[in-house]
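>>> Got a sequence here, can you model it:
(2 chains)
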Amino acid sequence: MSTVTLASKRRRSALRTLAFLSPWLIGFSVFFAYPLLSTVYFSFMRYDGFRPPTWSGTQNWTYVFQHYPLFWPALRNTLWLVLVMVGLRVVFGLGVGILITKIRTGTGVFRTLFYLPYLAPPVAATMAFAFLLNPGTGPVNSILENAGVPAPAWFNDPAWSKPALTLLALWGIGDLMVIFMAALLDVPKEQYEAAELDGTSPWQRFRYVTLPNISPIVMFAVVTGVIQAMQYYTQPLVAGKVASGVIQGAGTQFEPGYPEKSTLTLPQLVYNLGFQRFDYGAACVVALVLFALSMAFTALLMRRRGGLVQAGDR
Amino acid sequence: MPGTSRKTAVALATSASIALLATACTGQSGSAADDDPSKQTTLTFWHAWSAPGEVEAVKELIAGFRKKHPNIDVKAVGNMTDDKINQALRAGGSNSPDVISSFTTNNVGKFCSSGALVDLDPFFEKSGVDPEKTFPKAMNEYTRFEGNRCSVPLLGDAYGLYYNKTAFERAGVQSPPKTWSEFESVAKKLTVPRGNSYKQLGFMPNYHGWETTTEHYLGQFSPTYFDDNGKSQVAEDPAFEAAFTLQKRLVDELGGYRKLETYRATLGDEWGPEHPFHTGQVAMQLDGEWRLGMALETDPGFEIGVAPLPVPDDRADEYGKGYITGTIAGIAATSRKQNAAWELVKYMTTDTDAVVGFSNAIHNVPSTLAALKSPKLKYDPRFKTFLDIAAHPDSTTTPASVNGGVYLSTIQQFGYDYESGKETDLKAGLAKTARQIDTDIAQAK
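Here you go, the predicted structure:
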């Protein structure tokens, strides 16, 4: 009798746990597991959306890695953005956060000034930058030329297009600035006072007091930044279209990644293969590469977090 | 018994769900050409026109159709790109189009081979209309793929040369150039430098100069894109080498790629009133017949001249030809109202008065033989140049391919690399381009 009661109690407990978990389980299955498995399945199929899918073995994989000329430039660009853009965004966001917490007067004005650009829609912001950085008519180059500085062609030069996109990303730093500001204001004042009594320099105080305290936030900024860089689509596409002059025209062909494939990113390839060529199989391969890269970066960062997160957070 | 019926019900429901899902996934809702076109219905028509005058012209065209078919209402949706059309044709559903029109013939091969648009031959037969006798030869060719006529020409486009007569007079040039070597010398004469840039550029040769795409240049060299087995001829046919060599020489002679790109970045966009030909910043322009109307509307302050594009020096006898393409119309395979949709397509593409009226309003080349000869066709005398290009026996078009315009994009990509100096070996580059085209087609099959 007592065994039966125990068993039924366990069953009830398991059911209750499952009931509480069910919203997540349903969400996970429908929005993560099923799409992921479908993507893997379709990466081995020939499928154009009309004719029924047919098995094509590893053909899509071979095509993307060996014969699709846009894949490797897009991968290189995406990695560049992950390393350079994310790094600079975190450093700049933290710098602005520190600056604003140190300012004594007009803090509100500066906070607003730095936060406002973040609210600009990505398409509008990119078009504004394309206008400002226009090599022929843009005010930035006029100022540089008047100052005797050789002006780059920005979005029209493959060597400068990604730095120009990085400038745009730094301009919209508002989100990171707010997060860092909150973290910085949360650092216990006593620790600074104790450090000052020990005769530390400002750099030492930053290195041994500020950084350990805000390291979880730095970690958060890096991981979310990497994911954003992996999904970077709108800004390079708009910048490329505006700079190449092909803004509209239904029959006009557009060179993805203008100039010279320098603004091409992996999400653009997913769109190009999936929704322009309707080669869903190859698009799924690129999507899986993106997924694998995101997982790899996140895993790497999580393993390295020991150096970033202080002992108490472990 | 109740247990059995429940099982049956579950089995039925599951089968129905799977069938529905499969239908949704593959976009195949089955042939639906059994609707009655004389019944009250509403068609959705997606098109690419977006300028106010063009949208008005589409409205008038539909009004003319409604007079003849008051039972068929038409909901027109403009400014549609091929990407959006392709996605909607796959999705189906109540808001997806029954009839589509696309600005480019590049995707005809894909539309036909995938079954996105229905084969119209049975509809032509049923209506007693012979496409061979209705449409000009080139247009008849670019609207079908491997025996499947899934589209119909809806106005055509012919490419020619626009030139600034006032700039010509200033530079002492008497007449438009007829060969590419004449063109090179005229383009240089018309170029007026200002500092490190230009006051006036004779011609913008870069492939980003809007209509100066590889296929438009290549049209003058009459290239053979594919052999009988469907293999790319980009590395075999000397026309490709000749066209790329000419364009690269123009780029180098007129200032070099970087300087030209910087100048191009200062110019107005293709569809706006500040187009560099309208503003006098570029003295010659490779463009379609629609540019005349657009340029005249902006009152550019100089006299506009129109001529066919030059031809290679060794093909001087073919002067007058040009590249031909056009807008196409088709019926979605997912449409449940295909007979009614055919009435609209038939009216828009074969009714002489409708074609002429639309052509007059949009400033495009009419797409039927009867409309080309119609006395109701109103046009500026200069427009006649484009009608002649369209009718020229040596005029060319680009063939339909199973993966649509991918092969054209691949050639264009090589063009970008070659004009910018990233690729210097023309022969090796063309061979690589040909291999890429063949690989892409194999991937799409």
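
>>> if you skip the residues just before and after it, what's nearest to A:Thr54?
Nearest in space to A:Thr54, with sequence neighbours left out and distances taken as C-beta to C-beta, 6 or more residues apart in numbering or on different chains, is A:Arg46 at 4.9 Å. C-beta here means a position set from N, CA and C on the backbone, and glycine is covered the same way.

>>> Model confidence for that neighbour, exactly?
Confidence at A:Arg46, expressed as pLDDT, is 93.

>>> now do the one 3 residues further on
On pLDDT, A:Gly49 comes in at 83.

>>> Could you double-check that it sits in contact with A:Tyr280?
Yes: counting by C-beta atoms under 8 Å, A:Tyr280 is a contact partner of A:Gly49 at 6.5 Å.

>>> Quick one: low-confidence residue ranges for chain B.
Residue ranges of chain B with pLDDT under 70: B:1-32.

>>> Which helix or strand contains B:Thr44?
Here B:Thr44 sits within strand B:41-46, counting by DSSP states H and E.

>>> got the CA positions of that strand in PDB?
The C-alpha coordinates for strand B:41-46 follow below in PDB (Å, rounded to 0.1, in the frame of the first residue of the first chain):
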ATOM      1  CA  THR B  41     -15.100  37.200 -58.900                       C
ATOM      2  CA  THR B  42     -12.100  39.300 -57.800                       C
ATOM      3  CA  LEU B  43      -8.600  38.800 -59.100                       C
ATOM      4  CA  THR B  44      -5.400  40.000 -57.400                       C
ATOM      5  CA  PHE B  45      -2.900  41.400 -59.800                       C
ATOM      6  CA  TRP B  46       0.700  42.100 -58.700                       C
END
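
>>> for residue 138, phi and psi?
Went with chain A since none was named. phi -70, psi 140 (degrees, to the nearest 10).

>>> The helix or strand that B:Ser101 is a member of and chain A in contact?
Using DSSP H and E, B:Ser101 sits within strand B:99-102. Yes: using C-beta under 8 Å from any C-beta of the partner chain, we find that strand B:99-102 touches chain A at B:Ser102.

>>> immediately after that strand, which helix or strand?
Heading C-terminal from strand B:99-102 (DSSP H and E), you reach helix B:108-114.

>>> And the strands in chain A, which stretches?
A:45-46, A:54-55 (DSSP state E).

>>> chain center to the first one: distance?
This means strand A:45-46. 30 Å (C-alpha atoms, centre = their mean, to the nearest Å).

>>> same question, the last one
A distance of 34 Å separates the centroid of the chain from that of strand A:54-55, by C-alpha atoms, centre = their mean.

>>> still on that earlier bit, A:Gly138 is nearest to which of the strands of chain A?
strand A:45-46 (46.1 Å; C-beta to C-beta).

>>> That closest one pairs with which strands, and in what direction?
strand A:54-55 (antiparallel) (DSSP bridges).

>>> quick check: mean pLDDT across the strand it pairs with?
In this model, strand A:54-55 carries a mean pLDDT of 94.

>>> Repeat that for stretch A:194-211.
Here stretch A:194-211 scores 92 as its mean pLDDT.

>>> How far away from the center of its chain is it?
32 Å.

>>> what are the ranges of the helices in the stretch 1-150 of chain A?
Per DSSP state H, counting those that start in this stretch, the stretch 1-150 of chain A carries helices over the ranges A:2-28, A:34-42, A:59-62, A:71-80, A:86-102, A:107-115, A:122-132, A:139-146.

>>> Skipping its backbone neighbours, what lies nearest the residue of the stretch 101-250 of chain A found nearest chain B in space?
Taking C-beta to the nearest C-beta, chain B has its nearest neighbour within the stretch 101-250 of chain A at A:Gly136, 3.2 Å off. Nearest non-adjacent residue to A:Gly136, counting by C-beta to C-beta, 6+ apart: B:Thr266, 3.2 Å away.
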